[in-house]
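In: Got a predicted structure here, sequence first:
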Amino acid sequence: LALTISFISALFIAGYTILVIFAMNTILRTVGYEFQGAVSIFVVVISFAIYALLLFAPGVYLGVKKEVGWGIFTVLATVVFMFIFLGIGIFKC
């Protein structure tokens, strides 16, 4: 259960990363030069909150629902899956 949830969470994080990269490339082409810094900082702050939610929320949920060990394992497994996805992304490019 924890491995499945952590894999899905890591997939959401990877998908969100791809979405943010695509959106930032599009937004920075359409926004004027004087606002690009502010838009970039805004996206970084919002993304930090979303990444934290996607990383820790499943672990907290399982920690409350089952035991704390389940939650810690879920967060650690999510990080491991994210590194696996990073490796796949680096070697694919």
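Out: That came through fine. Fair warning: this is a prediction, and the values are worked out from it, not measured in the lab.
In: CA only for contacts and neighbour counts going forward, please
Out: Fine.
In: in which helix or strand would I find the spatially most central residue of the chain?
Out: Central residue of the chain (Cα atoms, centre = their mean): residue 13, 2.9 Å from the mean position. Applying DSSP states H and E as the criterion places residue 13 in helix 2-30.
In: for the helix or strand that that helix is followed by, which positions count as buried?
Out: Remark: after helix 2-30, the chain's next helix or strand is helix 33-65, criterion DSSP H and E. Buried residues in helix 33-65, counted by 16 or more other Cα atoms under 10 Å: 36, 51, 54, 55, 56, 57, 58, 59, 60, 62, 63.
In: ditto for stretch 15-27
Out: Within stretch 15-27, the residues that count as buried by 16+ other Cα under 10 Å are 16, 24.
In: got the CA positions of that stretch in PDB?
Out: Output in PDB follows, covering the C-alpha atoms of stretch 15-27 (Å, rounded to 0.1, in the frame of the first residue of the first chain):
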ATOM      1  CA  GLY A  15       4.000  15.400 -13.900                       C
ATOM      2  CA  TYR A  16       3.700  18.700 -12.000                       C
ATOM      3  CA  THR A  17       7.400  19.400 -12.700                       C
ATOM      4  CA  ILE A  18       6.800  18.900 -16.400                       C
ATOM      5  CA  LEU A  19       3.700  21.100 -16.300                       C
ATOM      6  CA  VAL A  20       5.600  23.900 -14.500                       C
ATOM      7  CA  ILE A  21       8.500  23.900 -16.900                       C
ATOM      8  CA  PHE A  22       6.000  24.000 -19.900                       C
ATOM      9  CA  ALA A  23       3.900  26.800 -18.200                       C
ATOM     10  CA  MET A  24       7.000  28.900 -17.300                       C
ATOM     11  CA  ASN A  25       8.300  28.700 -20.800                       C
ATOM     12  CA  THR A  26       5.000  29.800 -22.200                       C
ATOM     13  CA  ILE A  27       4.300  32.500 -19.500                       C
END
